[in-house]
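[1] just a sequence and a predicted model for now, questions to come.
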Amino acid sequence: MTAHVAPHVAPAALAAYAAGTLGPDHAATWTLEVHLERCAQCRARLAELADPPLRALLDDTRTAILAQARGGPRPVPSRPLRRWRLRWTDWSVSGWAAMTCTAILAAVLLDVNYPDRPSAVLLLAPVAPLAGLAVAWSRRANPAWEMIAGTARAGLELLLRRTLAVLALVLPPLAVAGLALGRNPALWLLPCLTFTAATLLLGSRIGVPLAAVVLGGGWLAGAGAVSFAHGTAAAFATAPAEALMRAETMPVWAAAAAVLALLTALRADHLRSPVTWR
């Protein structure tokens, strides 16, 4: 929403923010700071609430910064692609994307060479995005995580952006793999979204990377052990991945995805906590 459409900050809320009575994790603080980014009028009102010594210090600092900016190097030209990448994803995801595509290719080769065994693509598809979420939301993979976590939009909004970027990288290779094997990609789309929503929900409590490991590892260990323990046609028919991802089960997956997404939205405040970064 643009600044000229959004209502201005109420005087009481602006005064509380200036006085420091709103905590940094308070939901009103995030909304207020996002509005201040785009509204010069509210920024000017906030400056008027500062004490005279602080106002004088801010004026001196602004004057010094403007003087250095005028005499410094020319600003770097804006690059739309780089700006999009910083808003929606992170450089650390590139290595994961190559790894995921390699894993999908290996699963396709297994299905082609061993058609009597349970489908490796169906086994991998529901949890394929989870490794990307773990990398995109990991403090170990991103050295600038503290700066990102401290911004006003570091909660659910940024996490959803990175989640959509991860899904955009994963779903096309999975769709190509499914079409190559003669399988309907819709059979794993809803399970994929369900596991993604479950990771975000569990990540609000134990951290997104750890949640991805728990859910992804649990699915692969449980379903994989049963599926690949036997190579007979009967085992293929009763494999968990085959049994759970059929047209008849899609309404259940859709309902689960909707419920998990709603619960994640209700726990949006918890996604700003440093515990979500592992």
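    Done, it's in. Please read all numbers here as calculations on a predicted model, not as lab measurements.
[2] quick one: residues contacting residue 188.
    Contacts for residue 188 were tallied using C-beta atoms under 8 Å, 6 or more residues apart in numbering; they are 121-122, 125-126, 174, 178, 245. C-beta coordinates here come from the backbone N, C-alpha and C atoms, glycine included.
[3] what about the protein, any weak spots by pLDDT?
    By pLDDT under 70, the low-scoring segments of the chain are 1-6, 23-27, 72-92, 142-155, 224-241, 272-278.
[4] can I see the domain layout of it?
    Domains of the chain are assigned by automatic domain parsing as 11-71, 81-276.
[5] return the most buried member of the ones you listed.
    Counting by mean count of other C-beta atoms under 10 Å, domain 81-276 has the highest mean neighbour count of those, with a mean of 18.
[6] how long is stretch 34-47 from one end to the other?
    Start-to-end span of stretch 34-47 (C-alpha to C-alpha, to the nearest Å) is 16 Å.
[7] picking up where we left off before, which of the contacts of residue 188 fall within helices?
    121-122, 174, 178 (DSSP state H).
[8] report the two of those residues separated the most.
    Spatial extent of the ones in helices among the contacts of residue 188 (C-beta to C-beta) is set by the pair 122 and 174 at 10.2 Å.
[9] can you give me the helices in the stretch 1-150 of the chain?
    11-19, 27-38, 40-48, 52-71, 80-88, 93-113, 120-124, 130-136, 145-149 (DSSP state H, counting those that start in this stretch).
[10] so which of those comes closest to residue 156?
    helix 27-38 (10.0 Å).
[11] Throw the helices of the stretch 1-150 of the chain into CSV and include distance to residue 262, thanks.
    Shown next, in CSV, are the helices of the stretch 1-150 of the chain (distance: least, C-beta to C-beta, whole Å):
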stretch, distance to residue 262
helix 11-19, 28
helix 27-38, 18
helix 40-48, 32
helix 52-71, 43
helix 80-88, 23
helix 93-113, 27
helix 120-124, 27
helix 130-136, 19
helix 145-149, 25
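[12] and these: which comes nearest residue 200?
    Judging those by C-beta to C-beta, what sits closest to residue 200 is helix 130-136, at 7.8 Å.
[13] output the contacts of residue 188 as a markdown table; include the columns distance to residue 19.
    Formatted as a markdown table, these follow (distance: C-beta to C-beta, whole Å):
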| residue | distance to residue 19 |
| --- | --- |
| 121 | 58 |
| 122 | 57 |
| 125 | 52 |
| 126 | 49 |
| 174 | 52 |
| 178 | 57 |
| 245 | 55 |
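[14] and which of these is nearest residue 21?
    Distance to residue 21 across the contacts of residue 188 (C-beta to C-beta) is lowest for residue 126, with 45.8 Å.
[15] quickly note the distance from the closest residue to that closest one other than its chain neighbours to residue 19.
    Distances taken as C-beta to C-beta, 6 or more residues apart in numbering put residue 191 closest to residue 126, at 3.9 Å, once the chain neighbours are dropped. Distance of residue 191 to residue 19, computed by C-beta to C-beta, to the nearest Å: 49 Å.
[16] residue 216 against residue 133, yeah?
    No. Using C-beta atoms under 8 Å, residue 216 makes no contact with residue 133, being 9.3 Å away.
[17] could you name every residue contacting both of those two?
    Residues touching both residue 216 and residue 133 (C-beta under 8 Å, 6+ apart) are residue 199.
[18] which SSE is residue 202 in?
    Assigned by DSSP states H and E, residue 202 falls within helix 186-206.
[19] quick check: closest non-adjacent residue to residue 99.
    Leaving aside its sequence neighbours, residue 99 sits nearest to residue 131 (C-beta to C-beta, 6+ apart; 7.3 Å).
[20] what sits against that neighbour?
    96, 99-100, 212, 216.
[21] adding distance to residue 13, write these out as a markdown table.
    Below are the contacts of residue 131 laid out as a markdown table (distance: C-beta to C-beta, whole Å):
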| residue | distance to residue 13 |
| --- | --- |
| 96 | 41 |
| 99 | 46 |
| 100 | 44 |
| 212 | 37 |
| 216 | 42 |
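[22] ok, so of those, who is nearest residue 63?
    The shortest gap between residue 63 and any of the contacts of residue 131 belongs to residue 96, at 45.6 Å (C-beta to C-beta).
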